[in-house]
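Undergrad: No sequence on hand, only this structure:
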């Protein structure tokens, strides 16, 4: 999908300050655009709210892939690439320093790495 095509679509956004929204804001600024250049229809507080709005047919959104994996697998949503945008988000895993890592914590780290790779 081109940016011009995206401008014609009703856009559902997450609230200002949301991580995904910040990533998209930054990507658009790099190419000289702003979200106000698009057809913003809804601004919602939670990722789940944006997902539900898309499922209900209110428009398209930018959302973490992990939030829609089941929907993509079920065929209820489709993923589209926007030409000129390569959004990515840095995610950090933190733990208390000085504490021994448990087997459960190690398993979680392995799970997280496999999902985010």
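TA: Here it is on my side, so go on. Everything quoted here is computed from the prediction, not taken from an experiment.

Undergrad: from what I can see residue 59 touches residue 9, true?
TA: Yes: the criterion here is Cβ atoms under 8 Å, and residue 59 meets it with residue 9 at 6.2 Å. The C-beta positions use only the backbone N, C-alpha and C, and glycine is treated the same way.

Undergrad: anything in contact with each of these two?
TA: In terms of Cβ atoms under 8 Å, 6 or more residues apart in numbering, residue 59 and residue 9 are both contacted by the residues residue 39.

Undergrad: before we move on, what SS does residue 11 have?
TA: Classification of residue 11 using DSSP: H, G, I helix; E, B strand; the rest coil returns strand.

Undergrad: Likewise for residue 92?
TA: With three-state DSSP as the basis, residue 92 sits in coil.

Undergrad: go on, residue 105?
TA: Of the three states, residue 105 takes helix under three-state DSSP.

Undergrad: now the strand or helix carrying residue 108: how far from the chain's centre is it?
TA: Residue 108 belongs to helix 103-116 when assigned by DSSP states H and E. On the basis of Cα atoms, centre = their mean, to the nearest Å, helix 103-116 sits 21 Å off its chain's mean C-alpha point.

Undergrad: residues making contact with that helix?
TA: Contacts with helix 103-116, where a contact means Cβ under 8 Å, 6+ apart, come from 66, 91, 93, 95, 101.

Undergrad: partner residues bridging the closest residue to residue 54 other than its chain neighbours?
TA: Closest residue to residue 54 apart from its sequence neighbours, by Cβ to Cβ, 6 or more residues apart in numbering: residue 61 at 5.3 Å. Counting by DSSP bridges, residue 61 is bridged to residue 12.

Undergrad: My guess is residue 61 contacts residue 10. True?
TA: No: Residue 61 is beyond contact range of residue 10, at 9.8 Å (criterion: Cβ under 8 Å).

Undergrad: The two: which has the busier surroundings?
TA: Neighbour tally, residue 61 and residue 10, criterion other Cβ atoms under 10 Å: the higher count belongs to residue 61, 25 against 16.
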